[in-house]
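Novice: pasting a predicted model and its sequence here:
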Amino acid sequence: MRAHLLSSFLCALAFAGAAHAETVYVSNEKGNSITVIDAASLKVTATWPIGKRPRGIVLSRDGKFLYVCASDDNAVQVIDRATGKVVADLPSGEDPEQFALSPDGTTLFAANERDAAVTAIDVAKHVVAWQVDVGVEPEGMAVSPDGKTVVSTSETDDSVHWIDLASHRDIAQTAVGMRPRHAEFTADGKALWVSSEIGGGVQILDTTSHAVSKTIAFAPPGVFKDKIMPVGIRFTPDAKQAVVALGRADTLAIVDVASATVTGYVPVGRRVWHTAIDAAGRRVFSANGLSDNVSVVDLATGTVIATLAAGRAPWGVVVAP
């Protein structure tokens, strides 16, 4: 019996260690760098210099590389996680802001703000595969889970553009709130959540009809309405909760996905842009653009458990195993 209990205890410890054996990467827009954080110790372990004005950041499907939008270099940079070195500059249109990676990992879709276009980049060949015109100032990008559709948000046109990947055509547009900044598909692909920075809410769109089915409003305690500026959206791995970064409200909103209702608010650093969630769905890492730091939030208690220094103007964040 005692041997069995000891074995169970050791297994639990091993699981806990594995759950936190992750690394957090933060793109620093004005620092032209990536901050590297060990998720287990919550310590900054390195700062990597990269291109100018890095914003959007994603992990390659094989986990070996980071892709980062170097907006002022008009390129998507490929960073080797093992060395922290930029190993390639992928061609893109002008001023790439955010991008999304296809489910099979072969194509990056970049929103090019000054081109008013979406650029599809062949990752293996390092070439532009195709480009399609969309609305003015595209920023948010997302690919449907089935890999058939990519969407971009047009900040100036207050709209979402739906691009069919088989034909490379912009097949539909949906009017949303003012200045849409980010888009995120639900895991089942049935809904698309879009944040409206100036509109102050999140619109939920039906992916079959392309129509808005619901709008989520936010009212964090003690925050003036004009400070509530939603940007980044992330879903927990179990798809039950969404975390919405409320920008100049300096707050994260926790939302129940099934009912689309806000269940809580967590004050974090200043001008929170984007977040990432660990694989266990227990902790949120928020990039706080005006306080030059990262808040670590325990989702179960809704509290900040650590605040870590980053580079200048942290913008994007990703958690890697």
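Specialist: In hand now; what should we look at? Bear in mind that the values here come from a model prediction, so they are computed numbers and not experimental data.

Novice: now do the strand or helix carrying residue 242: distance to the chain's middle.
Specialist: Using DSSP states H and E, residue 242 sits in strand 241-245. How far strand 241-245 lies from its chain's middle: 11 Å, per CA atoms, centre = their mean, to the nearest Å.

Novice: mind listing the strands it pairs with, and their directions?
Specialist: Based on DSSP bridges, the pairing partners of strand 241-245 within the sheet are strand 233-235 (antiparallel), strand 251-256 (antiparallel).

Novice: mind putting the ones you listed into CSV with mean pLDDT?
Specialist: Shown next, in CSV, are the strands paired with strand 241-245 (pLDDT from 0 to 100):
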stretch, mean pLDDT
strand 233-235, 98
strand 251-256, 98
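
Novice: for the ones you listed, give me CSV that also has distance to residue 149 and mean neighbour count.
Specialist: Yep, even glycine has a C-beta here, placed from its N, CA and C like the rest. Converted to CSV, the strands paired with strand 241-245 look like this (distance: least, CB to CB, whole Å; neighbours: other CB atoms under 10 Å):
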stretch, distance to residue 149, mean neighbour count
strand 233-235, 17, 21
strand 251-256, 23, 21
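
Novice: residue 38 is nearest to which of these?
Specialist: strand 233-235 (20.6 Å; CB to CB).

Novice: just the strands in the stretch 101-250 of the chain please.
Specialist: 107-112, 117-122, 127-133, 138-143, 149-154, 159-164, 169-175, 180-185, 191-196, 201-206, 212-217, 233-235, 241-245 (DSSP state E, counting those that start in this stretch).

Novice: closest one to residue 277 among those?
Specialist: Closest among the strands of the stretch 101-250 of the chain, using CB to CB: strand 233-235, at 5.4 Å.

Novice: picking that back up, can you put the strands of the stretch 101-250 of the chain in a markdown table and add distance to residue 40?
Specialist: As requested, the strands of the stretch 101-250 of the chain are exported to a markdown table (distance: least, CB to CB, whole Å):
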| stretch | distance to residue 40 |
| --- | --- |
| strand 107-112 | 30 |
| strand 117-122 | 33 |
| strand 127-133 | 39 |
| strand 138-143 | 30 |
| strand 149-154 | 35 |
| strand 159-164 | 38 |
| strand 169-175 | 42 |
| strand 180-185 | 27 |
| strand 191-196 | 30 |
| strand 201-206 | 32 |
| strand 212-217 | 34 |
| strand 233-235 | 21 |
| strand 241-245 | 21 |
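
Novice: and the pLDDT for residue 220?
Specialist: Predicted confidence (pLDDT) for residue 220: 98.

Novice: correct me, but it touches residue 265?
Specialist: Yes. Checked against CB atoms under 8 Å, the pair residue 220 and residue 265 is within contact range at 4.3 Å.

Novice: joint contacts of the two?
Specialist: Both residue 220 and residue 265 are in contact with 251, 253, where contact means CB atoms under 8 Å, 6 or more residues apart in numbering.

Novice: for the residue nearest to residue 154 when sequence neighbours are not counted, what are phi and psi?
Specialist: The shortest distance from residue 154 to any non-neighbouring residue, by CB to CB, 6 or more residues apart in numbering, is to residue 135 (2.6 Å). Dihedral angles of residue 135 (phi, psi; degrees, to the nearest 10) stand at phi -80, psi 170.

Novice: cool, residue 230 as well?
Specialist: Backbone geometry at residue 230, expressed as degrees, to the nearest 10, gives phi -60, psi 140.

Novice: neighbours around the nearest residue to residue 235 once chain neighbours are set aside, how many?
Specialist: Nearest residue to residue 235, sequence neighbours excluded (CB to CB, 6+ apart): residue 242, at 5.3 Å. If you count neighbours by other CB atoms under 10 Å, residue 242 ends up with 24.

Novice: ok, now how distant is residue 242 from residue 262?
Specialist: From residue 242 across to residue 262, the span is 10 Å (CB to CB, to the nearest Å).

Novice: and for residue 208?
Specialist: Going from residue 208 to residue 262 by CB to CB gives 26 Å.

Novice: comparing these two, which residue is more hemmed in?
Specialist: residue 262 (18 against 9).

Novice: can you give me the domain boundaries for this structure?
Specialist: 23-52+232-246+270-321, 53-217 (automatic domain parsing).

Novice: buried stuff in the strand holding residue 242?
Specialist: Neighbour counts using 16 or more other CB atoms under 10 Å place 241, 242, 243, 244, 245 of strand 241-245 among the buried residues.

Novice: which residues does it contact?
Specialist: The contact list for strand 241-245 (CB under 8 Å, 6+ apart) reads 184, 193, 195, 202, 216, 218, 230-236, 252-257, 263, 272-275, 277, 281, 284, 286, 299.
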